[in-house]
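**Q** Sequence first, then the predicted structure:
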Amino acid sequence: MRQSAFALAALLVLVPGPASSCAAQDAPPPPVPDDAAYREAKEAAAKALAAAAEAGRAAEDAARARRLALLDAVRAQEELLAILREQGREAEIAEGEGRLRDLYGRIGASAPGVQPRAPAAVPGTVRTPAPPARPFPAAEGLQLLRARPGAQSEASVIEPALDWLARHQSPGGNWDGDGFGARCRDGKCPGPGGPLYDPGVTGLATLAFLGAGETHKTPKHGETVREALEYLKAVQDAEGCFGPRVSGHFVYNQALGTLVFAEAYGLTQSPLFKDSAQRGVDFILSARNPYMAWRYGVKPQDNDTSVTTWMVMALKSAKSSGLAVDEDAFRGALAWLDKVTEPEYGRVGYSARGNGPARPQELMDRFPPDRSESLTAAGVLARTFCGADLRTDESIRKGADLCLRTLPRWDEAAGTIDYYYWYFGTLSMFQVGGDHWKRWDAALGEALLPYQRGDSDGCARGSWDPVDPWGQDGGRVYSTALGAMMSEVHFRHGRAFGGR
């Protein structure tokens, strides 16, 4: 009987009955939070966050001002050094190179055209050879941009362009030449391109990010770059070819895909990119005509300057990044350029000496070929990248002089807008340096910067209208990527010989 009573008591403890339910109902409610204390704490936290954000912006502004001041000093020192070299002032050249090296060291880069200073030897030790300099010395990109005196800075041009490109990237990582408008949010962006060059325009857009120092690891646009690289890697076939070979023009996609991976590898030295870059190089080499250059398709038995220049750019970046490149390819490209360059004036032909830039047939009247020196500019650049000495090469000098006679000018009615020419002209004239570069750079700023779409243009802000001969093929992605890259020229390649 007593055991039954104990069991019943235990059961009453474990299973709440009417008495325990009443006790639960009679329990006091939880205390009501002090709303005033909560609001005060929340406001204090918000103020602290705002103060931290403001301090961060102030620090960024100060750092940017310091970088721009350093770069003004770099520019002045480069110009002084160019004059010293022209005049052969050897003692002052060494001192000037030392100052330039120190300035570049303060901005975390290697001075192009200046030998690194060797560290002092320590007695009793064996000096280990220094690692090779980074092939892309200004990998910090936008952090190293120079301010244009009396005009917009490159940063104020590039950042909106990259923002437009990032907003119009497709979910698959590519840029859709004719379908990018599906990504528009604030009005529809005009200017679609063609459907066949998605790997190529994706390559151009990705190069614009890489040229600004953005990689797959950078915080701002790292995801954009990573997805683009993944797309390009996915469309590379077993032979190393980027994109489908639906026409002979696929070689442009190939050159740009290879250039992207060569630069990505050069910037990061990541093994993630080395294999794709090297296989792209190998395909380019296999597509070259024996002892000569490139055109449409694989070993097509004819050549042209446009395709050849893009291939040379890809191989030059690959070589600078430490990839294996057959030097005979550069010799073959030089042989082609010699064949199509007029010795008297330095003008470079497209597929033969004397013929001008190519145009879609229906646009010949709208964009007269005689108002562009695109192939001459491409030839000057390709010669430099193939190893010709721009200080002594007559074809480079004459070609650069021709480009100065046809400076960038935005005139739709006259048909002078030519992003393709302006891009190669910017790269080549930067290589030449001196007065050629100053005059070209000034004209380019006047022709290009005022026509970038602004905040009042809705979704198109940051882009350029595709109103040149190749806009119908590349579309707004093409024109915007080239516009950004023209403003990045100081940082995409160092000068081969320090300029003239």
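**A** Looks like it arrived, so ask away.
**Q** show me where pLDDT drops low in this protein?
**A** Along the chain, the model assigns pLDDT under 70 to residues 1-34, 53, 56-72, 74-75, 78-79, 101, 103-155, 491-500.
**Q** if we go to 80?
**A** Applying pLDDT under 80 to the chain flags the ranges 1-42, 45-46, 48-79, 81-82, 85-86, 96-98, 100-155, 490-500.
**Q** Domain-wise, how is it divided?
**A** For the chain, automatic domain parsing gives the domain ranges 43-106, 143-492.
**Q** Single out the most deeply packed of those.
**A** Neighbour counts (mean count of other C-beta atoms under 10 Å) averaged over each of the domains of the chain peak at domain 143-492, with a mean of 20. (C-beta placed from N, C-alpha, C; glycine too.)
**Q** so which of the domains of the chain gets nearest Ala37?
**A** Ala37 lies closest to domain 43-106 among the domains of the chain, at 10.6 Å (C-beta to C-beta).
**Q** before we move on, the earlier item: tabulate the domains of the chain in TSV, adding columns for distance to Asp35.
**A** Output for the domains of the chain, formatted as TSV (distance: least, C-beta to C-beta, whole Å):
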stretch	distance to Asp35
domain 43-106	12
domain 143-492	38
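**Q** is it true that Asp178 touches Gly193?
**A** Yes. Look at Asp178 against Gly193 with C-beta atoms under 8 Å: they come within range, at 5.6 Å.
**Q** what residues are shared contacts of the two?
**A** Gly475 (C-beta atoms under 8 Å, 6 or more residues apart in numbering).
**Q** what sits against Ala277?
**A** Thr258, Phe261, Ala262, Ala264, Tyr265, Ala318, Ser321, Leu323.
**Q** From Leu165, how far off is it?
**A** 22 Å (C-beta to C-beta, to the nearest Å).
**Q** And Gly322, by the same measure?
**A** In terms of C-beta to C-beta, Gly322 sits 28 Å off from Leu165.
**Q** now swap in Glu327 and tell me
**A** From Glu327 to Leu165 the distance is 35 Å (C-beta to C-beta).
**Q** Of the contacts of Ala277, which belong to helices?
**A** Among these, the ones falling in helices (DSSP state H) are Thr258, Phe261, Ala262, Ala264, Tyr265, Ala318.
**Q** tell me which of those is nearest to Pro219?
**A** Ala264 (17.0 Å).
**Q** Leaving out chain neighbours, which residue sits closest to the closest one?
**A** In space, not counting the residues next to it along the chain, Ala264 is nearest to Phe273; the distance is 4.6 Å by C-beta to C-beta, 6 or more residues apart in numbering.
**Q** Ok, Ser374 next?
**A** The nearest residue in space to Ser374 (C-beta to C-beta, 6+ apart) is Tyr421, at 3.6 Å.
**Q** surely Arg353 meets Lys339?
**A** Yes. With contact defined as C-beta under 8 Å, Arg353 reaches Lys339; the gap is 7.0 Å.
**Q** which stretches of the stretch 101-250 of the chain form helices?
**A** Secondary structure of the stretch 101-250 of the chain (DSSP state H, counting those that start in this stretch): helices located at 154-167, 198-211, 222-234, 250-268.
**Q** what packs against the first one?
**A** Helices and strands in packing contact with helix 154-167 are listed as helix 198-211, helix 471-487; criterion 3 or more C-beta pairs under 8 Å, 6 or more residues apart in numbering; DSSP states H and E.
**Q** Against Asp302, how distant is Ser374?
**A** Ser374 is 19 Å from Asp302, by C-beta to C-beta.
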